[in-house]
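**Q** build me a model:
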Amino acid sequence: MHKILLVEDNEINRDMLTRRLQRIGFSVCCAHDGAAGVAMASREMPDLILMDVALGEMDGWEATQLIKANPATATIPIIALTAHALASDRDKSVEVGCSDFDTKPVDMQRLLGKIRGCLPEAGREDAVA
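**A** Here you go, the predicted model:
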């Protein structure tokens, strides 16, 4: 079972996405802000991180840069999540080290495709919709 770290400050979004991912078969741990996300990435060593961009004091881009700067967590794929579908947001996400980018509200099938695309080959078949 793949472990996903969800970094999301909105409790409703965090709860909804956690439940949907768990129903599909993922193990999910959550962080409510960027600093907690950076700490949990090191502690939990997830297979993938879903990173909200708009998080408050430390935004998702800064948290991503810190995760990517740490040799222990640098290879964890990160998918940026944002309510903004601007090309500049997509470009910034790639620039800071995100593997992919998706918009909110989340289209679960589209997000699952991106998650599967970022997971190691050996475990992609573990979580099917």
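
**Q** what backbone torsions are found at the residue minimising distance to the centre of the chain?
**A** Geometric centre of the chain, nearest residue: Leu50, 0.9 Å, by Cα atoms, centre = their mean. Torsion angles at Leu50 (phi, psi; degrees, to the nearest 10) stand at phi -100, psi 120.

**Q** check contacts around it.
**A** Applying Cβ atoms under 8 Å, 6 or more residues apart in numbering, we find Leu50 in contact with Ile4, Leu5, Leu6, Val7, Glu8, Leu17, Ile78, Ile79, Leu81, Leu111, Ile115. Heads up, the C-betas are built off the backbone N, CA and C, glycines and all.

**Q** that one bridge partners, please.
**A** Assessed by DSSP bridges, Leu50 has beta-bridge partners Leu6, Ile79.

**Q** state the distance from it to Arg14.
**A** Look at Leu50 and Arg14: by Cβ to Cβ, to the nearest Å, they are 10 Å apart.
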